[in-house]
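Asks: Using only what follows, build the 3D model:
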Amino acid sequence: MIKVITGNEAAAYGALLAKPEVICAYPITPQSRIPEQLSEFYAEGLLKGKFVNVESEMAALGYVTGASIAGVRVFTATSSQGLAWMHEGLHWAAGSRLPIVMANVNRPLGAPWNLTCGQIDSLAQRDTGWIQFYCESNQEILDTIIQAYKVAESISLPVMVCLDGVYLSYLSESVDIPEQEKVDEYLPPYDPTRRALLGERTLKRHKKHPPQKDGYDPFNFTGNRYELHKLEIQCLEEAARANEEFRAIFGRGYPLVEEYKCDEADVVMVLTGSAAGTGRYVIDELQKKGYKVGLVKLKMFRPFPAELVRKALSGRKKVAVIERDISPGQCGIFYQEIKWALYNNMPIYGFVGGLGGEDISPKLIEKAIMYTIENDPPQQEAIWLGLEEKRQTDDYDRRTIKVY
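Replies: Model (predicted):
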């Protein structure tokens, strides 16, 4: 069945098809339509699980954490300040190996106050142990929610499915909603046995001595972190396998790192989220003009698919990254990770744009690509897009910070 729906509604349909037994989410702009849609499904009798209203985002994560510990499939959703409020619980869920699936609608963190789009909310949680996927379209949102359960339950780790606020959450696109029978074929009922066995093996393998009176055991904590690190690495294979199984049944899929018209590209632009669709159009237009350019889309950010990134970008003359985030005083976060993954002398250009919901337009992407082609080396770690050029100096650094 094909319907014209928003990204928020696509996330809700994905959750409905996955048949979670407990759903708990607190409304927050621009995510509110997800729990609203799920509550409507529940009222109509379509959602057979338990839909729970709570008083906050922290309570929502706590509720699904308890349900997941009890051994049932769960779903939650949030955005921005709500995700920040969940911070402590995010660490607990990953440390407990809970296969929670969460939809996070990307929005900046205040101050200043902003209700639109920016990816710093989820990127600020990159070290919590949650797997992170970023979606380009509403179809990809629905499909990734379903795939997320496959990955989470196979590896016993929580998954965050990220979608751009406004540009995906509020805008409508045609979405193919798969038949329940096919989803059931792909995603069988949740069996919590694996998680229980995983926890038992971890305890036995790293138990050095009886815990202290307060239950604290530093040796076992180190072993827990070691096992979590191994699982994060293993989940790259699980995510790739889940995608191929999905493609075999539904005829579509989403590589963790996708190359678009890169066969003869000397300069490659790296994008994620909804901006990747705009980037495809720009690449098409520039190739018509004879430029040897291509695009690489990052779907997975955590764990970072370093080997796949190296494979996609090896042999290029230059790499440009555009992203909706900034680590103040440092650079863009995707740029930083890519630079680490390549660890060579390849020129990498880091562009920061689209913060606070500003559009990453075709004109802006083309401007970044042309700057990359015409300038060698990059003049600074963070190249700002969408601002008028000006001089900024202080008592410590008299360099000109250029913006484009």
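Asks: For whatever helix or strand G62 lives in, which helices and strands make contact with it?
Replies: Per DSSP states H and E: G62 is located in helix 57-69. With contacts taken as 3 or more Cβ pairs under 8 Å, 6 or more residues apart in numbering; DSSP states H and E, helix 57-69 sits against strand 22-24, strand 74-78, helix 81-85, helix 87-95. Where you see a C-beta, it was placed from the backbone N, CA and C, and this is true even at glycine.
Asks: how about these in JSON lines, adding distance to G62?
Replies: Formatted as JSON lines, the helices and strands packed on helix 57-69 follow (distance: least, Cβ to Cβ, whole Å):
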{"stretch": "strand 22-24", "distance to G62": "9"}
{"stretch": "strand 74-78", "distance to G62": "10"}
{"stretch": "helix 81-85", "distance to G62": "11"}
{"stretch": "helix 87-95", "distance to G62": "6"}
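Asks: I131 touches A152, doesn't it?
Replies: Yes: using Cβ atoms under 8 Å, I131 is in contact with A152, at 7.3 Å.
Asks: joint contacts of these two?
Replies: 158-159 (Cβ atoms under 8 Å, 6 or more residues apart in numbering).
Asks: got the angle between the helix holding G62 and helix 87-95?
Replies: Counting by axes from the mean of the first three to the mean of the last three Cα atoms, to 10 degrees, helix 57-69 lies at 20 degrees to helix 87-95.
Asks: Next, the buried residues of helix 57-69.
Replies: Buried residues in helix 57-69, counted by 16 or more other Cβ atoms under 10 Å: 57-65, 67-68.
Asks: where do the strands sit along the stretch 101-250 of the chain?
Replies: With DSSP state E, counting those that start in this stretch, the ranges of strands along the stretch 101-250 of the chain come out as 101-106, 131-134, 159-164, 172-176.
Asks: Highest mean neighbour count out of these?
Replies: Comparing the strands of the stretch 101-250 of the chain by mean neighbour count (mean count of other Cβ atoms under 10 Å), strand 101-106 ranks first with a mean of 30.
Asks: Restricting to C-alpha, output that one in PDB.
Replies: The C-alpha coordinates for strand 101-106 follow below in PDB (Å, rounded to 0.1, in the frame of the first residue of the first chain):
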ATOM      1  CA  VAL A 101      14.500   1.000  19.200                       C
ATOM      2  CA  MET A 102      14.100   4.700  19.300                       C
ATOM      3  CA  ALA A 103      13.200   7.200  16.600                       C
ATOM      4  CA  ASN A 104      15.000  10.500  17.200                       C
ATOM      5  CA  VAL A 105      13.900  13.500  15.200                       C
ATOM      6  CA  ASN A 106      17.000  15.700  14.800                       C
END
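Asks: can you start the count at 32 instead of 1 from here on
Replies: In the new numbering, first residue 32, that becomes strand 132-137.
Asks: and it, what does it pack onto?
Replies: For strand 132-137, the packing partners by 3+ Cβ pairs under 8 Å, 6+ apart are helix 38-49, strand 105-109, helix 151-154, helix 169-186, strand 190-195.
Asks: Any chance of CSV for those, columns mean pLDDT?
Replies: Below are the helices and strands packed on strand 132-137 laid out as CSV (pLDDT from 0 to 100):
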stretch, mean pLDDT
helix 38-49, 98
strand 105-109, 98
helix 151-154, 98
helix 169-186, 97
strand 190-195, 98
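Asks: Tell me how far G45 lies from F106.
Replies: 9 Å (Cβ to Cβ, to the nearest Å).
Asks: the more surrounded of these two?
Replies: F106 (31 against 27; other Cβ atoms under 10 Å).
Asks: contacting residues for that one?
Replies: So F106 contacts 46, 49, 51, 53-54, 56, 69, 95, 131-134 (Cβ under 8 Å, 6+ apart).
Asks: what are the bridge partners for it, then?
Replies: I54, V132 (DSSP bridges).
Asks: quick one: it from A351, how far?
Replies: Applying Cβ to Cβ to F106 and A351 gives a distance of 36 Å.
Asks: So for R341, what's the pLDDT?
Replies: At R341, the predicted lDDT confidence score is 95.
Asks: So it sits against A372, correct?
Replies: Yes: taking contacts as Cβ under 8 Å, R341 lies within contact range of A372: 5.9 Å.
Asks: overlap in contacts of these two?
Replies: With Cβ under 8 Å, 6+ apart, R341 and A372 have no common neighbours.
Asks: Of the helices and strands packed on helix 88-100, give the one that comes closest to C362.
Replies: Ranking those by proximity to C362 (Cβ to Cβ) places helix 112-116 first, at 21.7 Å.
Asks: for the record, mean pLDDT for that closest one?
Replies: On average, helix 112-116 scores 97.
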